[in-house]
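# with the input below, show me the fold.
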Amino acid sequence: MYMTLTNKPDIREQVLEKGLIFPSDQELAMLILGSGTKYIPVELLAAKVIQVLNASNSETMVAQLLKIKGIGSGKALAIAAAVELGRRRTCHLQALIKHPSDLVPFLRNYSIETKEHFLCATLNGAHEIIQIRVISIGTLNRTIIHPREIFCEALTEHAAAIIVCHTHPSGNCEPSEEDISTTQVLINSAEILGISLLDHIIISRNSYFSFLEHHLLFN
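Prediction:
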């Protein structure tokens, strides 16, 4: 009989209730593993996984995980994939943005989406990224946003500045009249709230358009 997370029934329920910040690293590993083996409970297996993660790098991680009794290739790859996905999704944190092009690499994963995404990057006073969030998702060529949606999190995080971005699935990064008017509304709102709007970037799979670089940010 396999020992599963039912031996500790509160983890999944508490994560669903309180979010992924709640569990310890070991408990997160338990959620990924799902179950232990006939002879090794999932708690012990998860503890060994965390020990390996603390002592390994990306090149040796899978090989070291496979040395743990009870960890096969499927679980080893699932753990390694979770670690890599987490790295990719958080690699932008505290990155310093000096030019619009510095932010573009952190937005590229959204450019492959078939629907238009509108995003906001919040920055601290040193222009380091606090967070990048999806504000709204629209149709193939349009998304609807409101200033309050843009500045809500920026105010909560005490951001000094923001950079907004949206994707053009068509591949053409030239701004529309609506893009230009939306940017003007955001500039006016930013001025009232005391948060700098540093740029509006339009991104596609192969290129980008910066309002700042094209001198289109003005009051």
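# got a list of what Gly125 touches?
For Gly125, the contact set (C-beta atoms under 8 Å, 6 or more residues apart in numbering) comprises Ala160. Just so you know, the C-beta spots here come from the backbone N, C-alpha and C atoms, and that holds for glycine as well.
# so for the worst-scoring helix or strand of the chain on mean pLDDT, what gets flagged as buried?
Ranked by mean pLDDT, DSSP states H and E, the weakest helix or strand in the chain is helix 10-18, scoring a mean of 79. For helix 10-18, burial by neighbour count (16 or more other C-beta atoms under 10 Å) applies to 11, 15.
# which secondary structure elements does it contact?
Under the contact definition 3 or more C-beta pairs under 8 Å, 6 or more residues apart in numbering; DSSP states H and E, helix 10-18 sits against helix 25-33.
# outline the domain layout of this structure.
Structural domains assigned to the chain are 5-90, 100-210, following automatic domain parsing.
# tell me the most buried of the ones you listed?
Mean neighbour count, computed with mean count of other C-beta atoms under 10 Å, is highest for domain 100-210 among the domains of the chain, reaching a mean of 17.
# what is the mean pLDDT for that domain?
The predicted model gives domain 100-210 an average pLDDT of 90.
# alpha carbons only: can I get the helix or strand harbouring Glu191 in PDB?
Assigned by DSSP states H and E, Glu191 falls within helix 177-193. Listed next in PDB are the C-alpha coordinates belonging to helix 177-193 (Å, rounded to 0.1, in the frame of the first residue of the first chain):
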ATOM      1  CA  GLU A 177      -4.600  55.500 -32.400                       C
ATOM      2  CA  GLU A 178      -6.200  53.700 -29.500                       C
ATOM      3  CA  ASP A 179      -2.800  52.700 -28.100                       C
ATOM      4  CA  ILE A 180      -1.600  56.300 -28.300                       C
ATOM      5  CA  SER A 181      -4.800  57.600 -26.600                       C
ATOM      6  CA  THR A 182      -4.600  54.900 -23.900                       C
ATOM      7  CA  THR A 183      -1.000  55.800 -23.200                       C
ATOM      8  CA  GLN A 184      -2.000  59.500 -22.800                       C
ATOM      9  CA  VAL A 185      -4.700  58.600 -20.200                       C
ATOM     10  CA  LEU A 186      -2.100  56.500 -18.300                       C
ATOM     11  CA  ILE A 187       0.400  59.400 -18.300                       C
ATOM     12  CA  ASN A 188      -2.200  61.800 -16.900                       C
ATOM     13  CA  SER A 189      -3.200  59.200 -14.200                       C
ATOM     14  CA  ALA A 190       0.400  58.500 -13.300                       C
ATOM     15  CA  GLU A 191       1.100  62.200 -12.800                       C
ATOM     16  CA  ILE A 192      -1.900  62.600 -10.400                       C
ATOM     17  CA  LEU A 193      -0.800  59.500  -8.400                       C
END
